[in-house]
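[1] Quick one, what's the 3D model for this:
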Amino acid sequence: MPDEDSKIDHYVLEYRRTNFEGPPRAKEDQPWMVVEGIKGTEYTLTGLRFDMKYMNFRVRACNKAVAGEFSEPVTLETRAFMFRLDASTCHQNLRVEELSVEWDATGGKVQDVKAREKDGKGRTASPANSPAR
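    Numbers count the residues shown, from 1 in each chain. As a prediction, this is how the structure comes out:
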């Protein structure tokens, strides 16, 4: 952290995606992405995706004349919350299969009403009982 009387003007943050835990290796496939002009000692990086498990970060301080050395890189994990949809308890217009979900506009409700109408047990044709409602 800078001293109170420090001449730091701004910070530069660099980050890149990696597939392993620990310090960066000599040869990396991903280039460093650069965020310049950070004025404070905290920064929120937006737009991250959970497609890679780990990311390397490093930062350096700059004043109006020169930039300092980069900090030692740190590796952070971008965790994702994994969940599954249950076909037996989902909305009746959702068709849930192993890795996909589709919205079926006709859905189970409309099909059930048509089946009951064939059996003579359908509802009356009022707007409140409309299958599209």
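
[2] in what helix or strand does Asp29 lie?
    Counting by DSSP states H and E, no helix or strand carries Asp29.

[3] separation between it and Val96?
    Shown here: Asp29 relative to Val96, a distance of 36 Å by Cβ to Cβ, to the nearest Å. All C-beta spots, glycine's among them, are computed from the backbone N, C-alpha and C.

[4] So which of the two has more stuff around it?
    Neighbour count, other Cβ atoms under 10 Å: between Asp29 and Val96, Val96 has more, with 16 against 9.

[5] Give me the spatial nearest neighbour of the more buried one, chain neighbours excluded.
    Closest residue in space to Val96, ignoring its immediate chain neighbours: Ala87 at 4.0 Å, by Cβ to Cβ, 6 or more residues apart in numbering.

[6] Show the contacting residues for that neighbour.
    Counting by Cβ atoms under 8 Å, 6 or more residues apart in numbering, Ala87 touches 95-97.

[7] mind running it again at 10 Å?
    94-98, 101 (Cβ atoms under 10 Å, 6 or more residues apart in numbering).
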